[in-house]
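**Student:** below are the sequence and a predicted model; questions follow.
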Amino acid sequence: MKAEDVRLTELLEGPKQFIVPVFQRDYSWGTRHCLQLWKDIVRVGSDPSAKAHFVGSVVYVAAEENSANITRWLLIDGQQRLTTLTLLLAALRHRLPKSVYQNLDEDSLPTKAELEDYYLWNVHGKGDRRFKLHLRRADHETIIGLFENKKPSQISSERIRENYEFFEEQLENANIEVVYRGIKKLVAVDVCLTRGQDDPQMIFESLNSTGLDLTQADLIRNFVLMRQDEQIQTKLYQEFWQPIEQAFGPRYRSDFDKFVRDYLTLQLEPSKQIKSDEIYQHFRSYYHKAITENSVENILEHLNRFGKYYVAFSLGQEKNSKLREAFNRLRTLIEVASPVVMKLYDCYSQIGTLQINEFMDAVEILESYVFRRSVCGMQTRSLGQIFASLAYRIKTDNPLLSLKVALYRLGKKRRFPTDAEFREALEARDVYDMRNCFYLLDRLENDSKEKIDTSNFSIEHVLPQNKELNAAWREMLGSEWKSIQNTWLHRLGNITLTGYNSKYSDKSFAEKKKIKDGFNDSPLRLNKFIREQETWTPKQIEKRGKDLAVKAINIWTALSVEIEAVQEAELEDRKTQAAQYSLDMLEFTKESRMLFDKLRPQILSLGDDIVELCGPKSVTYRVYDFFLEVIPRKRRLTLVLNLDYEECEDPTGLASDATAYAFIIYASENGGVLFPVKEASQVLAAIHVIRQAYEKVSE
C-alpha cells in the first residue's frame, strides 16, 4: 500500500480512469455538502497564506493488470468527493475562455479545453475509457449528459443534476480565479493499494469505522464483492445483488438489514437475537465459514433466494392471494415471524416438502398462537426468540408436523393456550383495551367467503361509553346501571364495528337500531344478534360474548398434534444430547461397574425398542418416555424408575418412594421409585421392578 498527500487535481491528471464499483452506493451528497465544500474552496482560494485544504482520503486499487494506455482504478473510498469535484469542474468549464493564454503560471486559469483534457476526460480514450470518472448506473448517464449538454433522461440522477446546477449558480457571481486557486489547494490522502496484496475491504472498514454513512447492508455488499475482479464484481452484482435491491425497492435501506439479521438467525442459530449494529460482524463470520464449502455465487444465490421469501412476507409482495392474506394477518400481530416463515417458504418453494395448503395451515397456526397468547395476557416480550427457536426446530422433510411438535414442546411460560383459557379470556376481559381489538372484530366478521371491507369502519360500543348515560339507558339497565356499565362496557359482547359511529353516539338502544343506517340496516354479520334483540342488558351482552368466543375458537384453532410425534422428537433430542457422552466417561468404581455389566444386558433384552442414552453422571433407558435411570455410586448402583411407588411390586422390600426425597444426587429424571443394587444377587430383583416400569411406558 502506498499513501501520500496529493492535490486532487493532480490525482485526476494523466490518462487514467476512476471507476465506482457497480456494488457501491449511488452518489448521495446533497447541496448541504456542496455548500460546505464551496465555502472551503473560496476561503483557501482567497487566502494567499493558506497552502492547502484537506478533504479526506481517496482509496483505489487497480481494476485490471494495467498494461493499457489508460490505467483504470476501482475507487474504494472517495466517490462522493471526486464526483462533487468533477461536477464543480464541469460547471467551471463554461466560465473559461476557449483560447490559450500565453506565459501563465500554474495558478492561472486554464482554457476550457485544457480543463476538459486535464480533469474530465481522456483525450485518446474510447468508449467507456473516455471519461476520467466512471460512476454507476443513472449517476453515470446523468453526468455524461451534463458533459455533452444532453437533456436529462427518464432515469437521470437528481442529486447529480441538482449539485451541478448549484455550482453553476454559485459561479455566476464568483471570482473564478479565486475558485480555481481554491480547487488547486484541495488535498487528499492518496491511498493506492497493491493488487493481490492489500485487502481493500479491511482498509475500507477502517476508514468507515464510525459507520455514520454506511448501513450494515452496504458493508456486507462491499465485503462480498470488493475482493473480486471488476468483471466478476459486475456479474455477481447484476445476477444476485441487484435483484435483491430491486425486490426491496424504496425500503432497501430501511429493511435490508432486518432481513440479513433474520437470515443469519437461520444460518447461525444464535442463542440471543443479533444486535442491529453487529449484523455485518456476524455475516463476516458466517461468510468465512460458508466459503470453505461453497462458491461466492452459491452464497449470494442462497441470500437472494431468502431475500425473495422475506419481501414476500414482510413487505407484502406474495403473489398467491390467499397466502398473501394469511401473511398480512400474521404481520398485523407480530413483526418477528420472518425467520419461521422464511424457513417454511424454502420448504414450500425450493425443497418441495410443503404444499400450499400446508403452508397456509402453518401460518394460521402461528397466527393463532400469537393471538391466543395476546388475548390470554401471556408474555409477548420474548416472541422474537421464541420464533427463532421454532425456526431451528422445523425439519425440512416434514415441516408442518415439526412446527406443530415444536409449538407443543414449548415450556410452560411459552405454551400454546388451550380452548378453555382462550374462551374464558375472551368472555371475561376488556377486549376494547387490546391493541388488536379491531383485528379481532374484523376476523370475526370476515370468517366467510363473502367478505366485507371494514377498513373505513370503527369500533362501536352498543352500551355507550358516556359515564352519564341518558334516561332511556338508565331505565333499561335499572338502578345498578353504573355498575353494569363499568363491568360490561368493554367486553366482547358489547363492542362491534360500524361505519356510522358518529351517528350512533350515545343514543338509546332503540334509536341505534331504528335510525337510518342503524343496526337494523347493518349488513355486518357481527350485528345480526344485536338487531334481533329488544333490550340490551348484561344478559344479551354475556350471550353475545359467549357466542363470539365460541366462533373465535373455530377461527383461531387450538394446536393439534399426534403425541407419538412429540415423543419421537423428544427422543431424538435426547439422542443428540447423549451423543457427546459414552459409558467409558462415567465415573464407575470397580464394584459399581461389575454390577452394571451384569444388569445392562438384561435391561436391553426387555425389548427391541429400548434406547440407551449416556449422560455426564448416569445412563438413561427409554422407549419414548424414560423408564429407568442408572446412577453409579461408590460401591453400588442407584436405580430411578418411572413407576408409582404404590403400584410397585417388590417382594424384596428394597424399593423406596423417590418422592420422599427433595432431590436425588446426579439424577436427571423424576421417577417415583428408588431401587439400590449393592450386590450381584440383587440384580434379578432389580430386573423384576425394571420390567414393570418398562411395561408401563410401553402401554
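**Tutor:** Structure received. Residues are numbered from 1 along each chain as shown.

**Student:** chain center to stretch 679-692: distance?
**Tutor:** Centre-to-centre, stretch 679-692 and its host chain are 55 Å apart (CA atoms, centre = their mean, to the nearest Å).

**Student:** repeat that for stretch 373-381.
**Tutor:** Distance, stretch centre to chain centre, for stretch 373-381: 21 Å (CA atoms, centre = their mean).

**Student:** and it, which residues are buried?
**Tutor:** Of all the residues in stretch 373-381, those buried under the rule 16 or more other CB atoms under 10 Å are 373, 374, 375. All C-beta spots, glycine's among them, are computed from the backbone N, C-alpha and C.

**Student:** what's the helix or strand for the spatially closest residue to the last one that is not a sequence neighbour?
**Tutor:** Same thing as residue 375. Leaving aside its sequence neighbours, residue 375 sits nearest to residue 425 (CB to CB, 6 or more residues apart in numbering; 4.8 Å). Element membership for residue 425, per DSSP states H and E: helix 419-428.

**Student:** show me how far the one helix or strand residue 235 maps to is from its chain's centre.
**Tutor:** According to DSSP H and E, residue 235 maps onto helix 230-236. Per CA atoms, centre = their mean, the displacement of helix 230-236 from the mean C-alpha position of its chain is 28 Å.

**Student:** identify all contacting residues around it.
**Tutor:** Here helix 230-236 makes contact (CB atoms under 8 Å, 6 or more residues apart in numbering) with 19, 21-23, 63-64, 72, 74, 224-226, 228, 296-297, 300.

**Student:** OK, contacts around the residue positioned nearest the centre of the chain?
**Tutor:** Closest to where the C-alpha atoms of the chain average out (CA atoms, centre = their mean) is residue 262, at 3.4 Å. Applying CB under 8 Å, 6+ apart, we find residue 262 in contact with 310, 338, 339, 342.

**Student:** need the buried ones from those residues selected in PyMOL.
**Tutor:** Buried members of the contacts of residue 262, defined by 16+ other CB under 10 Å, are picked up in PyMOL with:
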select buried, resi 310+338+339+342
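
**Student:** restricted to strands, list the contacts of residue 262.
**Tutor:** Among these, no residue falls in strands (DSSP state E).

**Student:** now for the contacts of residue 262, which pair is the farthest apart?
**Tutor:** Farthest-apart pair in these is 310 and 339; separation 9.7 Å (CB to CB).

**Student:** okay, stretch 372-379 in CSV with CA atoms only?
**Tutor:** In CSV, the C-alpha atoms belonging to stretch 372-379 read as follows (Å, rounded to 0.1, in the frame of the first residue of the first chain):
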residue,chain,number,x,y,z
ARG,A,372,-54.3,-16.5,21.8
ARG,A,373,-51.4,-15.6,23.9
SER,A,374,-52.2,-11.9,23.5
VAL,A,375,-55.8,-12.4,24.5
CYS,A,376,-54.8,-14.6,27.5
GLY,A,377,-52.4,-11.9,28.6
MET,A,378,-49.4,-14.1,28.3
GLN,A,379,-45.9,-12.7,27.9
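
**Student:** residues in contact with it?
**Tutor:** Against stretch 372-379 from outside (CB under 8 Å, 6+ apart): 333, 380, 413, 416-417, 421-422, 425-426, 429, 431, 434-436, 440, 556.

**Student:** who wins for neighbours among those?
**Tutor:** Counting neighbours by other CB atoms under 10 Å, residue 426 leads the contacts of stretch 372-379 with 25 neighbours.

**Student:** residue contacts, that one?
**Tutor:** 375, 492, 545, 548, 549, 552.

**Student:** and the fifth one, how far is that from residue 526?
**Tutor:** For residue 549, the distance to residue 526 (CB to CB, to the nearest Å) stands at 13 Å.

**Student:** likewise the second one?
**Tutor:** Distance check for residue 492 against residue 526: by CB to CB, it reads 11 Å.

**Student:** what about these two, which has more around it?
**Tutor:** Higher neighbour count among residue 492 and residue 526: residue 492, with 29 against 23, using other CB under 10 Å.

**Student:** the more buried one and residue 547 touch, don't they?
**Tutor:** No - Residue 492 is not in contact with residue 547 according to CB atoms under 8 Å; the separation is 9.6 Å.

**Student:** and the strands in the stretch 351-500 of the chain, which stretches?
**Tutor:** Ranges of strands in the stretch 351-500 of the chain, per DSSP state E, counting those that start in this stretch, are 458-461, 495-498.

**Student:** and residue 58, that's in a helix?
**Tutor:** No - counting by DSSP: H, G, I helix; E, B strand; the rest coil, residue 58 is not part of a helix but strand.

**Student:** name the nearest residue to it, ignoring sequence neighbours.
**Tutor:** Leaving aside its sequence neighbours, residue 58 sits nearest to residue 78 (CB to CB, 6+ apart; 3.5 Å).

**Student:** kindly report the same for residue 439.
**Tutor:** Excluding its sequence neighbours, the residue lying closest to residue 439 (CB to CB, 6+ apart) is residue 332, at 5.4 Å.

**Student:** roughly how far apart are the one you found and residue 549?
**Tutor:** Using CB to CB, residue 332 is found at 20 Å from residue 549.

**Student:** higher neighbour count, those two?
**Tutor:** Neighbour comparison, residue 332 and residue 549: the larger count goes to residue 549, with 21 against 17 (by other CB under 10 Å).

**Student:** I'd like the distance between that one and residue 121.
**Tutor:** The span separating residue 549 from residue 121 equals 75 Å under the rule CB to CB.

**Student:** how long is stretch 498-507 end to end?
**Tutor:** Start-to-end span of stretch 498-507 (CA to CA, to the nearest Å) is 15 Å.
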